[in-house]
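# The sequence isn't on hand, but the structure is:
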């Protein structure tokens, strides 16, 4: 570690200690940012100089590949050289920086790297990488996490925790619907982040749904007329049922949403759905789709949506998305249920380069009292 990085780390730990002395106990606000959005010249889609670190407590930098050896940057995830600048600016603001290990469709690579004969070297390489870059932890994003992977996944989590002791390092894991396996390893994790966004999908036997509703509002799926429609609250209860304490759970929020062509709202039959799309950025929604006359707020789901209804069914569309109002509702839910925090995937989707403002960070900054 260079002298500059060492001094930065000392300053960061001093800031964290000062915050704890003052009694700052707000839930963790973890924001993901992709390494494709920033670069070392600070002129990427989301310039480092424009990131408002006061709107978060942890920045999660995406992503490194679960390859067996460093430098880990393969499969198009190129190391841009921006991480040193991000770490320096974040630490100056008292914000920790962790990195995501993995992402979608990385199961096969995880299985190789976490094989018992490879695991010790793999964990050592990760620890060396964190130390060299001045990072503060790892977020394990093993996707998909299948039942057959359980033993190797648990062994990886335990090995990482032993190599990355508290309180210096954070160890988190991001989860889809594999809540059954988390009860046995939750003691090794500082937080379990739930991917409670993009929850609607046009599957047979199901209804159209919101992207990230807090509650089902009494709605049930038609295939059995008793299964509640997707909701954050249902997912949270599932994790709590296997022993994950509320204080370690973070719900997810995505600054964007899902487009359903051919229908006009939630809880409709999906027979006529055309051109379904996910992960539409908030900035795109506001510039291309938003009209105040199309906007609706569902009190039971605590989620907003746009509805375009015409005399021609094929021209109709429904767009469910998280906006600042929905983010505030999710933060209220975090407080009312005693959860450990909220994660935003990913914060660049709401950055407006024309104004230099990120409305989602404006909400979280006020929530954190900064």
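Perfect, thanks for sending it. No experiment lies behind these values; they were computed from the predicted model shown.
# From here on, just use CA atoms for contacts and neighbour counts.
OK.
# quick one: the residue of the chain most remote from its centre from residue 263, how far?
Centroid-distance maximum for the chain: residue 311 at 38.4 Å, with C-alpha atoms, centre = their mean. Distance, residue 311 to residue 263, using C-alpha to C-alpha, to the nearest Å: 12 Å.
# ok, residues contacting whatever helix or strand residue 109 lives in?
Following DSSP states H and E, the helix or strand that holds residue 109 is helix 107-113. Contact with helix 107-113 is made by 66-68, 102, 118-119, 122, 142-145, 149, 152, as judged by C-alpha atoms under 8 Å, 6 or more residues apart in numbering.
# May I see the PyMOL selection of the buried members of those?
In PyMOL, a selection of the buried entries from these looks like this (16 or more other C-alpha atoms under 10 Å):
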select buried, resi 66+67+68+102+119+122+142+143+144+145+149+152
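# and the closest residue to residue 163 other than its chain neighbours, what helix or strand is that in?
Spatial nearest neighbour of residue 163, excluding adjacent residues (C-alpha to C-alpha, 6 or more residues apart in numbering): residue 127 at 6.9 Å. Using DSSP H and E, the element containing residue 127 is helix 119-133.
# Now the element after that helix, going C-ward?
Moving toward the C-terminus from helix 119-133, the next helix or strand (DSSP H and E) is strand 137-142.
# Now do the next helix or strand along the chain from that following strand against helix 119-133, angle only.
Using DSSP H and E, the helix or strand that directly follows strand 137-142 along the chain is helix 150-163. With axes from the mean of the first three to the mean of the last three C-alpha atoms, to 10 degrees applied, the angle from helix 150-163 to helix 119-133 works out at 40 degrees.
# List of residues touching the following helix or strand past helix 150-163?
Later in the chain than helix 150-163, the nearest helix or strand by DSSP H and E is strand 170-175. Strand 170-175 has contacts (C-alpha under 8 Å, 6+ apart) with 98, 136-142, 160-161, 164, 188-195.
# For residue 237, what is the enclosing helix or strand?
helix 232-241.
# which strands and helices sit next to the next helix or strand after that helix?
The first helix or strand that comes after helix 232-241 along the chain, using DSSP H and E, is strand 249-253. Under the contact definition 3 or more C-alpha pairs under 8 Å, 6 or more residues apart in numbering; DSSP states H and E, strand 249-253 sits against strand 191-194, helix 232-241, strand 341-344.
# Thanks a lot, see you next time.
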